[in-house]
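Novice: Based on what follows, work out the 3D shape:
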Amino acid sequence: MNIAELGLPMVIPAPDAPARVTIWEVGPRDGLQNEAEILPTAIKIEFIERLAVAGLSIIEATSFVPARWVPQLADAAEVMAGLSPSASVRFPVLVPNERGLNLALAAGAQEIAVFGSVTESFARKNLNRTYDEQWAMFEPVVAKARAEDMSVRGYLSMCFGDPWEGPVALERVVDAVGHLRDLGCTEFSLGDTIGVATPGHVRALMIALRDSGIGLDLVGIHCHDTYGQALANTVAAIEVGVRTVDSSAGGLGGCPYAKSATGNLATEDVVYALHGMGFDTGVDLSALAETSRWMSDILGRPSQSRVVRAMQPYSVQ
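Specialist: Numbers count the residues shown, from 1 in each chain. Coordinates of the predicted model:
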């Protein structure tokens, strides 16, 4: 028997679970921005198109940040120009400030994301702002985007732990999400940036958000796999009520703040788990795995996804 033929899990539906979980694919942006190699624009466009064909309905395409910050994504406008408009696929982009928003608008972007911090240390190191000052920086960006009828996602980093400050209080994360909500963000992504969360911690945070009046239907979970907890943490969030999961095809991406970090949760791994739980993701797992193998060949290294590796064609007795 070829193990690739086994490719689909046995389905045991999760009790009282709704039918759908949305995958927010971050590979073309969060994944490729961490690569030492700068890929040709045509490869980036093909990567995004392959992901769309595999059934991913939200693909974070690129980031409009200065090239000196992220040279890997300096061709953001060219990437957006090369994508075919789709009624069924969203292509959000990350912007750091008003200039980035203006560039995104000129490139035809229809939705954006901003990137903030839950902790003082990371706000200063990543944004050159204090925790409180960052909201003032985001305010005109979110206001202008909303005036343009764009949805705005608010990313928050260091939601579960910070390498300089240690554990992060649940109340601190709730406060930060509240700031983004008050600014006008339409959804939120909570990042385990250094991959230190555990399932109980994730459940406690989601319950604290829900109890504060923030609907979990507006919340996404973004896990890194430093300690091998990313999939378990993601499932824990889903079991509490989260319905959007951030992941990266083939596990592309990394965490520059923890030397042992292994990067983003692989999309294939979470799709396999969700399909086994009876959730519909709209994703063709075989097509997605093939796309990840294609990208791995381009990058010259094996995929980080356990599912992609398991679906490689080899025989078992």
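
Novice: What is the longest helix anywhere in the chain packed up against?
Specialist: If you go by DSSP state H, the chain has its longest helix at helix 131-147. Here helix 131-147 touches helix 98-106, strand 111-117, strand 151-157, helix 170-183, going by 3 or more Cβ pairs under 8 Å, 6 or more residues apart in numbering; DSSP states H and E. No exception for glycine: its C-beta is placed from N, CA and C like everyone else's.

Novice: quick check: angle from the last one to strand 151-157?
Specialist: Which is helix 170-183. Angle of helix 170-183 versus strand 151-157, following axes from the mean of the first three to the mean of the last three Cα atoms, to 10 degrees, is 160 degrees.

Novice: Give the rounded mean pLDDT of helix 170-183.
Specialist: For helix 170-183, the mean pLDDT works out to 98.

Novice: picking up where we left off before, format the helices and strands packed on helix 131-147 as CSV; extra columns: mean neighbour count and distance to residue 131.
Specialist: CSV is the format used below for the helices and strands packed on helix 131-147 (neighbours: other Cβ atoms under 10 Å; distance: least, Cβ to Cβ, whole Å):
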stretch, mean neighbour count, distance to residue 131
helix 98-106, 18, 20
strand 111-117, 23, 7
strand 151-157, 22, 11
helix 170-183, 18, 8
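
Novice: In CSV, list those along with distance to residue 22.
Specialist: Shown next, in CSV, are these (distance: least, Cβ to Cβ, whole Å):
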stretch, distance to residue 22
helix 98-106, 22
strand 111-117, 14
strand 151-157, 12
helix 170-183, 19
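
Novice: do you know which of these lies nearest residue 32?
Specialist: Shortest distance between residue 32 and the helices and strands packed on helix 131-147, using Cβ to Cβ, is found for strand 111-117: 15.6 Å.

Novice: That closest one packs against which elements?
Specialist: So strand 111-117, by 3+ Cβ pairs under 8 Å, 6+ apart, packs with strand 93-94, helix 131-147, strand 151-157, helix 170-183.

Novice: which residues sit against the last one?
Specialist: Helix 170-183 has contacts (Cβ atoms under 8 Å, 6 or more residues apart in numbering) with 114, 116-119, 135, 138-139, 142-143, 154, 156, 159, 188, 190, 204-205, 208-209, 212, 214, 219.

Novice: Can you select the buried ones among those for me in ChimeraX?
Specialist: The following ChimeraX line selects those of these that are buried, judged by 16 or more other Cβ atoms under 10 Å:
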select :114,116,117,118,119,135,138,142,154,156,159,188,190,205,208,209,214,219
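
Novice: Is it correct that residue 201 is in contact with residue 159?
Specialist: No. Taking contacts as Cβ atoms under 8 Å, residue 201 lies outside contact range of residue 159: 9.6 Å.

Novice: on that earlier part again, buried by neighbour count: which residues of the longest helix of the chain qualify?
Specialist: Residues of helix 131-147 classed as buried under the neighbour-count rule (16+ other Cβ under 10 Å) are 131, 134-135, 137-138, 141-142, 144-145.

Novice: Out of these, flag the one nearest to residue 163.
Specialist: For the buried residues of helix 131-147, the nearest to residue 163 is residue 131 (16.1 Å; Cβ to Cβ).

Novice: For burial, what's the neighbour tally of residue 27?
Specialist: Using other Cβ atoms under 10 Å, residue 27 has 26 other residues around it.

Novice: Do you know the pLDDT at it?
Specialist: Per the predicted model, pLDDT is 97 at residue 27.

Novice: Go ahead and confirm it touches residue 252.
Specialist: Yes. Because the distance of 4.7 Å satisfies Cβ under 8 Å, residue 27 is recorded as touching residue 252.

Novice: okay, and the common contacts of the two?
Specialist: Common neighbours of residue 27 and residue 252 (criterion: Cβ under 8 Å, 6+ apart): 264, 295.

Novice: any chance you could map the strands in this protein?
Specialist: Secondary structure of the chain (DSSP state E): strands at 22-25, 58-59, 62-63, 93-94, 111-117, 151-157, 161-162, 166-167, 187-192, 219-223, 244-247.
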